[in-house]
Structures are given as C-alpha cells and as structure tokens.
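*Asks:* when you get a sec, could you give me coordinates for this:
(chains A, B and C)
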Amino acid sequence: MTLDGFVKYMSFPLSNYLQYGVLRLFSKGIETSYISDGITIWFPWNVKIGKRSSLNQGVIIDGYGHVSIGEGVRVASYVNINPADHQYDDPEKMIVDKGFVVEEVIIGDDVAVGCGTIINKGVRMGKGSVIGSGAVLTKDIPGYSIAAGVPCRMIKKELNGSGEKDHTAC
Amino acid sequence: MTLDGFVKYMSFPLSNYLQYGVLRLFSKGIETSYISDGITIWFPWNVKIGKRSSLNQGVIIDGYGHVSIGEGVRVASYVNINPADHQYDDPEKMIVDKGFVVEEVIIGDDVAVGCGTIINKGVRMGKGSVIGSGAVLTKDIPGYSIAAGVPCRMIKKELNGSGEKDHTAC
Amino acid sequence: MTLDGFVKYMSFPLSNYLQYGVLRLFSKGIETSYISDGITIWFPWNVKIGKRSSLNQGVIIDGYGHVSIGEGVRVASYVNINPADHQYDDPEKMIVDKGFVVEEVIIGDDVAVGCGTIINKGVRMGKGSVIGSGAVLTKDIPGYSIAAGVPCRMIKKELNGSGEKDHTAC
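*Replies:* A predicted model of the protein is given here:
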C-alpha cells in the first residue's frame, strides 16, 4: 500500500495536509504533516516519522523492512530509504523470483539528510548527524558527525561543539 | 513523443495498466506492464523492455539512441538511461545548437539496477549483473557481477556461484 | 512560493507554456519556456533563467539564496540547485530551529548539467562548462572545462579547442 490516488501529486498550498491525512489512515506512526508532493511510502504501517520532521518532493520510503525516523529530521528531495534488498544467494533463480533481505533503517532525532541521498538496509544514523547531498549510505553514521560521498564516509566528527556525544545511537 | 498526458502521474492501483496501454500505442517492443508513475520514455518506438521487467517511480528512458532492456530486469526509482549525449567538437557553436552523439544502451536479462543510477551512452550490462544504488555507468558491466560507485566499477565478479558465466554479454 | 497548483504535474504537449506562464507571474527573470513537468522553483522572484535554457523533469531550484542561470543552459532531469544550507553553529538548537546560510549560485551561458547533479551553495560555473551526470558540486568550475564525480572535480580543461578561455567566470 502506498500514498496513492488523488493526493500524491497534488501540489497546492495546504495539500500536504491531504497527503498527511491519507497516510494517517494507514499509519498512526506518522506524526508530521510536512509531507511534500510526489512522495511514496510503501507499507506505511511499518514506518514511523516523528514530530516536526519533513519529507521533501519525491522522497521514497519502502516500509517493507521497517523504517523509523525521529523528531525534527530533514529529509531533502529525492531521498530513497530502502531497508529491503534482493536476495542473491540462489543462482538458479532469476532476481525477480528471489526473495528479499530486510533490515530496519533507524534515523535518530535532529538528523539532516541531503537531497538525492540513498539510505540502504540496516543503516542507523545517530542523533544530530548531517549527511551531504548525493550520498549513498551502506554503513552506520555516528551521532553529531558529518558524512558524505559514494559510498558515504564520515568527514567530520563531533559536530556538536558542546562536547555532547551520542555515539551510542549507532 | 513521451508517455504523456493524463496517465503519467496517475498513481491509483491498476493505473500502471493505463500507462502500459499508452506506451503500447507507440511501441510494440514494451512487453511489461510493471510501469510505475512519473515515468518518461522518450521515443518509445526505439525502446524494448522484456517480459516481467519493472520500471519504478520517476524512471526516465531516452529512446533517441535506442535502449534494449531484457526480461526480468528491475529498474529502481529515479534511474536515468541516456543513450544520447551532446556533441562537443565544434567550439564555435553553443551546446544547444550542437548535435548529439548516440550509442545504444543494452541491458541483459535478469539485471537489477539500484535507485538513482544513471546509465550513459553505449553501456552494455551483462545478464544477471547487479548495480548498486546511486551509480553512474560509463563503461560495460560483465554478466553476473556486482558494480557500484561514481564512476561505476565492478566490486565483485562471478556473482553466480554455479560457475555459469556470461561475460560474453559485454 | 513555488510553481504549484494545477500546472506542476501537467505533461501534455504544450503544457510547458502553462508552466512558463505561471512562473512569469512571479518572476520576470525567467526568460525561457523550456520548462518540463514535475519542476519546483522556490522563491522564483530570486531566480533568473536566460533565453533558450531548458529545465528537464523533476528539477528543483531553491531561489531562497538566489540563483542565476545564463542563456542556452541545459539542466537535465532531477538536478537540484541549493543555494541554501542549514546553519550548524549553535549546538544548543535542533537543526529545524537553526537558521540558514545562503550564497548565490551562478551558472554561466552555454553550460550543460548532467542528470541527477546537485549544485550546492555559492557554486559558480563558468561559460561553456560541462558537468557529468550524478555529480555533486561544492566548488567553482572554470569555463570550458569538463567536471564530474562526488565531489565534483575537473577532469578536462580547455574544452574549447579554439583557444578561447573564460576562466575569469570563476
């Protein structure tokens, strides 16, 4: 089930509330109404999005393998969150006939994800982390760090000058 | 000519059949109905897509330089297939006035292309190859291999443990 | 204010003129009608686009920090132009409560930007430069050069065989 039908590509002022309304029919875990147009959320009942988080144009979240997004998270345009991957272990079958490998994606509070970034299965992003645009994440990102690139690597630790750390998040 | 008009951004259940129906009016070479919304296929009469293949949200295929996609191929969201590039050899003209260089893109059977991947002119992808998300392909990919990155490089050969090889495909 | 409402996702032949018409209501600086569908231009009154330039499907331009695009510029599908970034200097506040850092993006005449490319704040691209698909720009690109990658780096200088140079542009 996806955010489908009439509301997906509506881009009027306030149409984000319609998109939110449709999503809420399927998932009580989606607590933000900053939902832009052109967004797909597969299996929304497996997706949690905290308060004050935002999804920009064209974001795709596949809830098949569960996705948890904290509060105040900025998800920029065309970000893909994919907690499911094809299973490649049976060489006798075609890919379309193989199963999936899933692992939950967990994004902490106060995270900023740059546009066009792709977040693959099992990735956990710590509180306060910042991801550059166009990154491809295959591994965890510690809290309060900056990361970027393909594949995504940490380029600055301890973003938070206050000395607060949250590396426990991943 | 593109997959235009009323059906392009329809995202109701079963609207993929409408999108398929419109495409079939222009191209007998498109044999799959797994056609998501937001998809553009330029010059569809130059595009072949085999049975059981799927195109996800926002895929753009430019048929100007011909594109051939095999059977059971998974094309993830926001993949761009560009068999045409601008010609840069006449320094006296602006780019908009220059011609194009085209070379067919050929994707074998049973290939998986990750989301956001860009496939440039002349690239051939062998049967059973798997391309990571966010890759930019400028060279051929052998069959039954895994490749990823910008630019895309092979990261694992002989995906198929059965010993079957299909390097002849490219 | 964005290119919103009924016209954004129209994809009929000639609907680009409707999109152009709506944009012109908000900005006299947009002088081209090659405006594809699925495009967002935030703060269009801060955006200039010269004659004969084109925006393909799904392009997003954030005019908050001002964007200037010259004449005859090809902006391919899913390009993001972001002259604004979050401010990260106050560790006591959440990102959603922090301000923005902005710096104008300037794209010279006769530039080609490949699909899926992301152009970040303050980047200036010289006349005649060519950017490969899937690039992430964080620094200036000299005129008549070819650049690509994540992050984007120059891979060929002096594209223009005529000896003409325009490095002054950046």
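*Asks:* from A:S77, how far off is the residue located most distally from the centre of chain A?
*Replies:* Here chain A reaches farthest from its C-alpha mean at A:E92, the gap being 32.9 Å by C-alpha atoms, centre = their mean. Between A:E92 and A:S77 the computed distance is 40 Å (C-beta to C-beta, to the nearest Å). (Each C-beta comes from the backbone N, C-alpha and C, glycine too.)
*Asks:* OK, contacts around the residue nearest the centre of chain A?
*Replies:* Nearest to the mean C-alpha position of chain A, counting by C-alpha atoms, centre = their mean, stands A:I81 at 4.4 Å. Contact analysis of A:I81 by C-beta atoms under 8 Å, 6 or more residues apart in numbering or on different chains lists A:59-62, A:67, A:105, A:119.
*Asks:* give me the subset of those residues touching chain B.
*Replies:* Intersecting the contacts of A:I81 with the contacts of chain B gives A:I60 (criterion: C-beta under 8 Å from any C-beta of the partner chain).
*Asks:* of the contacts of A:I81, just the buried ones, ChimeraX syntax please.
*Replies:* Command for ChimeraX, covering only those of the contacts of A:I81 found buried under the criterion 16 or more other C-beta atoms under 10 Å in any protein chain shown:
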select /A:59,60,61,62,67,105,119
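*Asks:* need the contacts of A:I81 in TSV (columns: distance to chain C, pLDDT and secondary structure).
*Replies:* Shown next, in TSV, are those (distance: C-beta to the nearest C-beta, whole Å; pLDDT from 0 to 100; DSSP: H, G, I helix; E, B strand; the rest coil):
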residue	distance to chain C	pLDDT	secondary structure
A:V59	12	97	coil
A:I60	13	97	strand
A:I61	18	97	strand
A:D62	19	96	strand
A:V67	19	98	strand
A:V105	19	98	strand
A:I119	16	98	strand
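*Asks:* who does the residue nearest to the centre of chain A bridge with?
*Replies:* A:I61, A:I119 (DSSP bridges).
*Asks:* distance check, the residue farthest from the centre of chain A against A:K98.
*Replies:* Look at A:E92 and A:K98: by C-beta to C-beta, they are 10 Å apart.
*Asks:* returning to that earlier point: for the contacts of A:I81, give me TSV that also has distance to C:P44.
*Replies:* TSV is the format used below for the contacts of A:I81 (distance: C-beta to C-beta, whole Å):
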residue	distance to C:P44
A:V59	22
A:I60	26
A:I61	29
A:D62	33
A:V67	33
A:V105	35
A:I119	31
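*Asks:* what about chain A, any weak spots by pLDDT?
*Replies:* A:1-5, A:158-170 (pLDDT under 70).
*Asks:* point out the residues in it that sit beside chain C.
*Replies:* Residues of chain A that fall close to chain C, judged by C-beta under 8 Å from any C-beta: A:9, A:11-13, A:37-38, A:52, A:54, A:57-58, A:72, A:74, A:76-78, A:109-112, A:114-116, A:128, A:130, A:132-135, A:148-150, A:159-162, A:164.
*Asks:* just those residues: which are in strands?
*Replies:* Within these, residues falling in strands by DSSP state E are A:54, A:74, A:112, A:130, A:148.
*Asks:* let me know the closest of these to chain C.
*Replies:* A:A112 (5.1 Å; C-beta to the nearest C-beta).
*Asks:* quick one, what contacts the closest one?
*Replies:* A:73-74, A:76, A:129-131, C:86, C:95.
*Asks:* that's a strand at A:I106, yeah?
*Replies:* Yes. Judged by DSSP: H, G, I helix; E, B strand; the rest coil, A:I106 forms part of a strand.
*Asks:* within range of chain B, give me the residues from chain A.
*Replies:* Counting by C-beta under 8 Å from any C-beta, chain A sits next to chain B at A:2, A:4-5, A:8-9, A:38, A:40, A:58, A:60, A:78, A:80, A:82, A:86, A:88-89, A:91-92, A:94-97, A:116, A:118, A:120, A:134-136, A:150-151.
*Asks:* now those residues: which count as buried?
*Replies:* Among the residues of chain A next to chain B, the ones that count as buried (16+ other C-beta under 10 Å) are A:2, A:4, A:8-9, A:38, A:40, A:58, A:60, A:78, A:80, A:82, A:88, A:94-96, A:116, A:118, A:120, A:134-136, A:150-151.
*Asks:* pretty sure A:F26 contacts A:P44?
*Replies:* Yes. With contact defined as C-beta atoms under 8 Å, A:F26 reaches A:P44; the gap is 4.4 Å.
*Asks:* with neighbour numbers in mind, choose between these two.
*Replies:* Under the neighbour definition other C-beta atoms under 10 Å in any protein chain shown, A:F26 and A:P44 were set side by side, and A:P44 has more, 24 against 17.
*Asks:* measure the more buried one to chain B for me?
*Replies:* 14 Å (C-beta to the nearest C-beta, to the nearest Å).
*Asks:* that residue reaches A:I30, doesn't it?
*Replies:* Yes. Contact status for A:P44 versus A:I30: in contact at 6.6 Å, counting by C-beta under 8 Å.
*Asks:* with that, I have no additional questions.
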